[in-house]
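Undergrad: One predicted model, sequence on top.
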Amino acid sequence: MKTFDWKEKLLTVLFWLAALAVVGILFSIIGYIVWKGIAVVNLDFILEAPSRAGREGGISIAIVGTVYLTAVSLAIATPLGVGTAIYLEEYARRRSKFAYLVNLTSETLAGVPSIVFGLFGFVFFVIFLGMGWSVLSGSLTLAIMLLPTITRTAQEAILAVPHEYRENSLALGASKWQTVSRIIIPSALPGIVTGIILSIGRAVGETAAVILTAGSSLGMPGGLFDPARTMSVHLYILATEGISLERAFGTAFLIVILVIVINYFANLSLYRLSHSRNNR
Amino acid sequence: MGRKIKIKTEDISVFYRDFQALFNINIEIEENKVTALIGPSGCGKSTFLRTINRLNELIEGTRTKGQVYLEDVPVYAKDINVVALRKKVGIVFQKPSVFPMTIYENVAYGPKIHGVKKKNLLNEIVERSLKAANLWDEVSSRLNSPAAQLSGGQQQRLVIARVLAVEPHVILMDEPASALDPVSTSKLEELISELKKKYTIVIVTHNMQQAARVSDYTGFFLNGYLVEFNRTSELFVNPRDKRTEDYITGRFG
Amino acid sequence: MLIDEAGGEMSRDYFAGNDADLVRRKLIEKIIEKLLMFSAGISILAIVLISLFIFAQGLPLISEIGIRSFLFSLDWSPSRGEFGIGAMFIGSLVVTFSALLWAVPLSLTVAIFMAEIAPAKIGEIMAGIVELLAGIPSVVYGFFGLIIIVPFIRNNLGGNGMSVLAGAFILGIMILPTIINISRDSIVAVPREYKESSLALGATYYQTISRVLVPAAKSGIITAIILGTGRAIGETMAVVMVTGNAAIIPENILFPVRTMTSNIVLEMGYAVGDHQAALFATGIVLFVFIVVLNLVINILKAVKRNENI
């Protein structure tokens, strides 16, 4: 009996150590990048354009590129993703072939590697549709990548809306769309927003697909058909071509901070969601 | 005689996939009266109630045969618009389900979806409906607070106000008091007797005393059949069918 | 205005929806439903277009040189027209397998910890940590690997540091969240009674975990590992930054290696003609890989459903 207790204790310690290792990995990565990067970042770094291929100056262009691509891709993916979720959960018949196919392809899309999206975006948007390396090509490619995340989170949020809401609204003579737009969507909003916020994180961090579709030009993107360089692409080029380690740290720092902020907000709206559910 | 029939059903049968829930129900429901439907759970009384505003259609795999006439209009005819039908036939469910909005917004929801935009007309409808549901005095000072804060009984009356706001002719009630405490229940029963002056009411209840107290007519359902339908006073005192007698004397269910 | 007439008579006309307002509303409803259906169709369209265009670009080359020599030939020399991705194919497998080797045991341990052992508060904090780990972009992981892990390997273990080992380490970190989250969910989903009845029979806590909970969550855990594998095979930026990218078969884990994904991102910028087609053909291999993994997961799900019935 005595030895058995001892074994159980040892196992417990092992489990805690494993968890600690994961925490340690995360904090050493974030800590190191923050420690090295914080010295580099100041207002000039954010506002100035890079010069000499990024050896000097700031990263304003990459910030603009990132914001531009993220905004456009979300503007495309959000209505499509939420629309898909509404269709699947509220309109489609449970066992319809079409709904099954949409769910299946959505799952498959979620697993396709980003480099494959990059190849597709390159041959379809950049070459076939003649959009060239541009904000638009990059955003459209990104939008397809974000679609599954937005769809799935919206589906879950819609599923969580109590069934009685639908019945009561329809029984009052509301049409399907009136019920969806006035009751279902407002009730599901926190979950939908979480999906959108998570997608922002994905869009900001994506590199492989963006480099093949939006290019890596160091000019300021003026319109949808101009090429652009995002912060992630900038970091990749600075680091692998040995241009400026210092500025790479600064860029990585900004990306990491952005990701932390995004995660904070995503959790906030998730918290609100579960909170309001408990209140019911 | 002055008796006016509001709802008439003709051989209503309801199927859920392979299961038949209702068998050829024929019933006539009089205007401005309360009709109670009683029976053990699973007897089809709620299913029948939901045929009147075609609510069973919301459940996939449900088929309805036969016809319901609402003031001589065949409800299951091909060209009938369900939205228009449900506007005329309101329903109150067992569990009060208020929308996650303010008290005011809950009541104004119906009129708004039916195209009322003028603010003062909406205010008027909200006030009138809340008064008719005997809720105005309790909530008039906090119309803009979340409806979820109300007590269960208040929520149920809010749901009734929400139904009244679309000006229905018929109000269906599906065990409206089963989730309420005795005080709220008696308030609700009081409200029902007031409402029947203006509306035709059909109420499903498992509580026989309640049926006896509030209704003018009672129908007894068993295993998907309408066993007996009569004036409440008759049915409870003088049941014609043995099964009705067994049920109201508490021998089963 | 509908309200005004509400007190009035109910006519057949009214119910038939001949009212102009009702007609308009019905039309709007139809249009909206079609729009929603269209947006749902985009996912299908996307998959069709992706397959179509990537296959159109890459398939002719594969059929020309034969699938076997494309996949297994070690001669990758685009300038001489030799397109064998054998080294990269093996490279991807080696790096992925090495990453799984350490990431799977750690992930499962942490998943069990979060689901069963940790106090609720700690479990929540861990969930946040794992979410954050999942949110960090691959290029940042690659950068961290390049700056910290590669020099560490160079100075302590030899070689130039850019290696299978560096790739396996970074890739392993990146698939932790996928495997942890899905296996934790499946452990949490095991009915409480299983656990309680095992404990009631006198089994210790850890016996219960290893003999009851983990076997019951088996299919979820396998799904988690498969999804982690998919993520690892497809990962590009982090790998390209730390593995040195030599198109050779590594003799040991300190050797550099080039994966299929790295090969695409490194050469796409200047590839033309058959060279470009070969890169697309590599994309086909990746795509097929992912589709097959997805298929396996769906079969697992179906099997699980049948077991439950």
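TA: Ah, there it is.
Undergrad: hey, where'd the helices end up in the stretch 101-250 of chain A?
TA: A:114-121, A:135-159, A:163-171, A:176-179, A:185-205, A:208-213, A:231-240, A:245-279 (DSSP state H, counting those that start in this stretch).
Undergrad: mind checking the end-to-end distance for stretch B:198-217?
TA: Using C-alpha to C-alpha, to the nearest Å, the end-to-end distance of stretch B:198-217 comes to 17 Å.
Undergrad: no no, stretch B:223-235
TA: From start residue to end residue, stretch B:223-235 stretches across 19 Å - C-alpha to C-alpha.
Undergrad: Could I get the buried residue list for it?
TA: B:224-230, B:232, B:235 (16 or more other C-beta atoms under 10 Å in any protein chain shown). Placement of C-beta: from N, CA and C, glycine included.
Undergrad: Please export the C-alpha coordinates of the host helix or strand of C:L71 as PDB.
TA: Here C:L71, judged by DSSP states H and E, is contained in helix C:67-72. Output of helix C:67-72 as PDB, limited to C-alpha atoms (Å, rounded to 0.1, in the frame of the first residue of the first chain):
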ATOM      1  CA  ILE C  67       4.000   9.400 -60.000                       C
ATOM      2  CA  ARG C  68       6.600   7.000 -58.700                       C
ATOM      3  CA  SER C  69       9.700   8.800 -59.900                       C
ATOM      4  CA  PHE C  70       8.100  12.100 -59.000                       C
ATOM      5  CA  LEU C  71       7.600  11.100 -55.400                       C
ATOM      6  CA  PHE C  72      10.600   9.000 -54.800                       C
END
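Undergrad: helices or strands next to that helix in the packing?
TA: Counting contacts by 3 or more C-beta pairs under 8 Å, 6 or more residues apart in numbering or on different chains; DSSP states H and E, helix C:67-72 packs against helix C:86-112, helix C:273-308.
Undergrad: Outside of it itself, which residues are in contact with it?
TA: C:61-62, C:83-86, C:89, C:278, C:281, C:285 (C-beta atoms under 8 Å, 6 or more residues apart in numbering or on different chains).
Undergrad: do stretch C:84-94 as well
TA: By C-beta under 8 Å, 6+ apart, stretch C:84-94 touches C:69-76, C:164, C:233, C:243, C:247-250, C:257-263, C:278, C:281-282, C:285.
Undergrad: got the buried residues for stretch A:231-246?
TA: Going by neighbour count (16+ other C-beta under 10 Å), the buried part of stretch A:231-246 is A:231-240, A:243-244.
Undergrad: what's the pLDDT at the closest residue to chain B within the stretch 151-300 of chain C?
TA: Closest to chain B within the stretch 151-300 of chain C is C:N298: 23.7 Å, counting by C-beta to the nearest C-beta. Confidence at C:N298, expressed as pLDDT, is 86.
Undergrad: and it, what is it in contact with?
TA: A:L104 are the contacts of C:N298 under C-beta under 8 Å, 6+ apart.
Undergrad: go on, the one 5 residues further on?
TA: With contacts defined as C-beta under 8 Å, 6+ apart, the neighbours of C:V303 are C:S219.
Undergrad: what residue ranges in the chain are flagged as low confidence?
TA: Reading this off chain A. Applying pLDDT under 70 to chain A picks out residues A:1-4, A:270-280.
Undergrad: should've been chain C
TA: For chain C, the stretches with pLDDT under 70 are C:1-19, C:308-309.
Undergrad: tell me which parts of the stretch 151-253 of chain B are close to chain C?
TA: Residues of the stretch 151-253 of chain B lying near chain C by C-beta under 8 Å from any C-beta of the partner chain: B:166-167, B:169.
Undergrad: By neighbours, which of the residues you listed wins?
TA: In terms of neighbour count, B:V166 stands highest of these at 26 neighbours, by other C-beta atoms under 10 Å in any protein chain shown.
Undergrad: three-state assignment of it?
TA: State at B:V166, reduced to three classes by DSSP: H, G, I helix; E, B strand; the rest coil: coil.
Undergrad: Looks like it contacts A:S169 (just checking).
TA: No. Here B:V166 lies out of contact with A:S169, judged by C-beta atoms under 8 Å, at a distance of 11.4 Å.
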